[in-house]
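Enquirer: Got a sequence here, can you model it:
(chains A and B)
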Amino acid sequence: MSALYGLMAEFHDPKAVVEATEAARMAGYRQMDAYSPYPIEALSEALALPKSHVATICLGGGIAGLVAGYGLQYWSSVIEYPMNIGGRPFHSWVAFIPPAYETTILFAAFSAVLGMLALNGLPQPYHPVFNVPAFAGASRDKFFLCIEAGDPLFDAEKTRAFLASQPGVADVAEVQP
Amino acid sequence: MTNATHPVPPALERMLTSTLGLGLAALAVCGLGALSSPDQFLRSYLFAFFFWVSVPIGSLGLLMLQHLTGGRWGALLRRFFEAWSRTLPAAFVLFLPVLLGYAKIYPWAHPPADDKIIAHKALYLNGTAWAGRAIFFFALWSLFAWLFSKWSAEQDRDGLTPGLSSRFQALAGGGLVTLVLTVTFASIDWGMSLNPHWFSTIYGVIYLVGAVLATMAVCIVVLSRMAHEEPFLHVMRKDTVHDLGKLLFAFNMLWAYMNLSQFLIIWSGNLPEEIPYYLARINGAWGALGLFVVLFHFVVPYAILLSRDVKRTLRLLAPMAAWLLLMRLVDTYWTLGPDLAGHHGSEAAAFHLHWMDVLAPVGLGALFVHLFLRQLKSRPLVPQHEAELQTEAAHAAPAHA
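Expert: Numbering: from 1, shown residues only, chains lettered A, B, ... in the order given. A predicted model of the protein is given here:
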């Protein structure tokens, strides 16, 4: 048997998985993930996930879009093709705002989606947790907490005992890599 | 009202006393000022009233909106909106100085004999029609406020029956259309007609969006004072605060969008009957004030409210809301000020700020907040039998808000 990916505990109640996750974090486990059919805010908090960088990427994209949109208009109507339109100044900044706003939103939206995909590694057709047959329930009505073997505290026997001792646990399964 | 059977936060009692004292004192000093310069008093008072009446109006709008959209934020603030909207009959009493002294404020009341533009508008802009419309607006809005509060009391007693739910939605749907139309005409009557030669069709919508933003801001500030006391303690959740932050952010963006729409169109057209409005407001000291409004009403708050943490943390959101409320007041002064000072379109309008322009909004505002808190105290501070506010939502684990 090759090295494990981790150990996965199955729960039938959202409260139980949140409490088990909190207990695991208190016990010192860090490299773990929880799975639920729908978002549970308390679960994300219990995992103490580091802050996502998507917001920063999105902000960067938005600023780039603003500069690009405004710059394009400035370059075309002031530098390269200055034309007298109704006696208005070449640098008609009021009229430049709506298109610059649109490019800001466009670039911000694209960088948010692409940044999210780049950071979370999706699409990902294979993941070790799929090796546990019961995991299909994660998209229906079951909740899972997986402590990964990469965690410094991970020990096949002790971690299994720890997970099995959590209130509300239905089963603890080995996750093959 | 005195023997409340529902929990009333001690913070509310403290605010009730302090706002009444501040309001009466500031208005009394303004009353002394009225003895020496009645015209200036009326102009300052109109400015203060035009700003503060926007909160009960905006509350009526948000009350109808949340009956149509639902959502936990709306259930949490519903009593705030209802209490603000029930101040409308009292707001009419506070409107009486303007109603009685309109002839000293509005140029159309005494037009120059050769002013053909005002003469053509006389059918609409005359004292009788203007006063009649004001009475009609206050009566209609008060009726809406009364119905919503009455039915809300039924929900407290009997729970939300399907019949009650459909009544709420029908009145909210029809009422919202009626409100947008009446607020448009009211803002034309009270604000835009200070400059009877000028017109802008988006004026009413700008006023209404500003009203909704001011309402959101003032409700967040008051909520933050009581959030750690019952009955709010057990219904406050971080994601609901996040929704309030997002709405404050969105309404501020909408306000900027509406104002830019008006400015872009008038600036591009550059027509002699429209552009004087902005010439008086973008040059000299008025222009500096306008730039201040753009930067500190929109740009800086926009950048700060981009942060998720600011939107989710009431302790950080409340100062931002208080600042936006102050900026709403400054923006209202920038909008009305040049016309109140009698500069209709001269390029170099002299800046004018009387001490009563500062004291009247303080006094009237404190009095309005006092009236609001009295109404808020008279009913349970959160709606009863409200599914949205059940502490243990059936589908979710306890949220550590």
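Enquirer: number of nearby residues for B:Thr17?
Expert: 11 (other Cβ atoms under 10 Å in any protein chain shown). C-beta coordinates here come from the backbone N, C-alpha and C atoms, glycine included.
Enquirer: In which helix or strand does it reside?
Expert: Using DSSP states H and E, B:Thr17 maps to helix B:10-36.
Enquirer: Just give me how far the helix or strand following that helix sits from the chain centre.
Expert: Where DSSP H and E defines the elements, the next helix or strand beyond helix B:10-36 is helix B:38-52. Centre-to-centre, helix B:38-52 and its host chain are 15 Å apart (Cα atoms, centre = their mean, to the nearest Å).
Enquirer: quick one, helix B:38-52 and helix B:10-36 angle?
Expert: 150 degrees (axes from the mean of the first three to the mean of the last three Cα atoms, to 10 degrees).
Enquirer: Show me which residues of helix B:38-52 are buried.
Expert: B:40-52 (16 or more other Cβ atoms under 10 Å in any protein chain shown).
Enquirer: just checking, what packs against the helix holding B:Thr17?
Expert: helix B:38-52, helix B:203-226, helix B:355-377 (3 or more Cβ pairs under 8 Å, 6 or more residues apart in numbering or on different chains; DSSP states H and E).
Enquirer: Send over the second one as CSV, restricted to the C-alpha atoms.
Expert: So the one you mean is helix B:203-226. The C-alpha coordinates for helix B:203-226 follow below in CSV (Å, rounded to 0.1, in the frame of the first residue of the first chain):
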residue,chain,number,x,y,z
TYR,B,203,-33.3,65.9,-10.7
GLY,B,204,-36.0,63.9,-8.8
VAL,B,205,-34.2,60.7,-9.2
ILE,B,206,-30.9,62.2,-8.0
TYR,B,207,-32.8,63.5,-4.9
LEU,B,208,-34.4,60.1,-4.3
VAL,B,209,-31.1,58.2,-4.6
GLY,B,210,-29.5,60.7,-2.3
ALA,B,211,-32.4,60.2,0.1
VAL,B,212,-32.0,56.4,0.1
LEU,B,213,-28.3,56.8,0.7
ALA,B,214,-28.8,59.1,3.6
THR,B,215,-31.4,56.7,5.0
MET,B,216,-29.1,53.8,4.8
ALA,B,217,-26.3,55.8,6.4
VAL,B,218,-28.4,57.1,9.3
CYS,B,219,-29.9,53.7,10.0
ILE,B,220,-26.4,52.0,10.1
VAL,B,221,-25.2,54.7,12.5
VAL,B,222,-28.2,54.3,14.9
LEU,B,223,-28.0,50.5,14.6
SER,B,224,-24.3,50.5,15.5
ARG,B,225,-25.1,52.4,18.8
MET,B,226,-27.6,49.6,19.8
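Enquirer: tilt between that helix and helix B:10-36?
Expert: Going by the same axes, to 10 degrees, helix B:203-226 makes 130 degrees with helix B:10-36.
Enquirer: Now do helix B:203-226: which elements does it pack against?
Expert: Counting contacts by 3+ Cβ pairs under 8 Å, 6+ apart, helix B:203-226 packs against helix B:10-36, helix B:54-69, helix B:72-85, helix B:162-190, helix B:238-269, helix B:314-340, helix B:355-377.
Enquirer: Can you add mean pLDDT and give those helices back as TSV?
Expert: Output for these, formatted as TSV (pLDDT from 0 to 100):
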stretch	mean pLDDT
helix B:10-36	91
helix B:54-69	96
helix B:72-85	94
helix B:162-190	94
helix B:238-269	95
helix B:314-340	95
helix B:355-377	94
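Enquirer: Save the ones you listed as TSV, and put in distance to A:Pro98 too.
Expert: As requested, the helices and strands packed on helix B:203-226 are exported to TSV (distance: least, Cβ to Cβ, whole Å):
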stretch	distance to A:Pro98
helix B:10-36	42
helix B:54-69	26
helix B:72-85	30
helix B:162-190	24
helix B:238-269	7
helix B:314-340	21
helix B:355-377	33
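Enquirer: quick one: which of those is nearest A:Ile97?
Expert: Nearest of those to A:Ile97, taken as Cβ to Cβ: helix B:238-269 at 6.3 Å.
Enquirer: mind checking how far whichever helix or strand comes after that closest one is from the chain centre?
Expert: Next along the chain after helix B:238-269, taking DSSP H and E as the criterion, comes helix B:276-282. On the basis of Cα atoms, centre = their mean, helix B:276-282 sits 24 Å off its chain's mean C-alpha point.
Enquirer: So helix B:276-282, near chain A or not?
Expert: No - interface with chain A: helix B:276-282 contributes nothing (Cβ under 8 Å from any Cβ of the partner chain), its closest point being 10.4 Å away.
Enquirer: helices or strands next to that helix in the packing?
Expert: Using 3+ Cβ pairs under 8 Å, 6+ apart: helix B:276-282 touches helix B:238-269, helix B:284-293, helix B:314-340.
Enquirer: Out of the ones you listed, flag the one nearest chain A.
Expert: Chain A lies closest, by Cβ to the nearest Cβ, to one member of the helices and strands packed on helix B:276-282: helix B:238-269, at 5.0 Å.
Enquirer: is that closest one up against chain A anywhere?
Expert: Yes - interface with chain A: helix B:238-269 contributes B:Lys238, B:Asp239, B:Leu260, B:Phe263, B:Leu264, B:Trp267, B:Ser268 (Cβ under 8 Å from any Cβ).
Enquirer: what about residue 121, neighbour count?
Expert: If you meant another chain, say so; for now it's chain A. Considering only other Cβ under 10 Å, A:Gly121 is surrounded by 8 other residues.
Enquirer: actually it's chain B I care about, not the one you picked
Expert: 17.
Enquirer: And the one 5 residues further on, by the same measure?
Expert: The tally of other residues near B:Asn126 (other Cβ under 10 Å) stands at 13.
Enquirer: Just send the residues of helix B:238-269 next to chain A back as a markdown table, with neighbour count too.
Expert: Formatted as a markdown table, these follow (neighbours: other Cβ atoms under 10 Å in any protein chain shown):
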| residue | neighbour count |
| --- | --- |
| B:Lys238 | 14 |
| B:Asp239 | 12 |
| B:Leu260 | 17 |
| B:Phe263 | 19 |
| B:Leu264 | 14 |
| B:Trp267 | 17 |
| B:Ser268 | 14 |
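Enquirer: Check which residues of the helix holding B:Thr17 are buried.
Expert: Buried-residue list, helix B:10-36, by 16+ other Cβ under 10 Å: B:11-12, B:15-16, B:19-20, B:22-23, B:26-27, B:29-30, B:33-34.
Enquirer: and what of stretch B:222-233?
Expert: B:Val222, B:Leu223, B:Ser224, B:Met226, B:Ala227, B:Pro231, B:Phe232.
Enquirer: Closest to chain A out of the residues you listed?
Expert: Using Cβ to the nearest Cβ, the buried residues of stretch B:222-233 come closest to chain A at B:Ala227, 18.6 Å.
Enquirer: Next, the closest one: phi, psi?
Expert: Taking degrees, to the nearest 10, you get phi -60, psi -20 for the backbone angles of B:Ala227.
Enquirer: how far away is it from A:Leu66?
Expert: 36 Å (Cβ to Cβ, to the nearest Å).
Enquirer: which residues touch residue 24?
Expert: Chain wasn't specified; assuming chain A. A:Met32, A:Leu145, A:Ile147, A:Phe162, A:Leu163 (Cβ atoms under 8 Å, 6 or more residues apart in numbering or on different chains).
Enquirer: my question was about chain B
Expert: Each residue near B:Leu24 by Cβ under 8 Å, 6+ apart is listed here: B:Gly363, B:Leu367.
Enquirer: quick one on the thing from earlier: and the two most separated of the buried residues of stretch B:222-233?
Expert: B:Ser224 and B:Pro231 (15.3 Å).
Enquirer: Thank you, goodbye.
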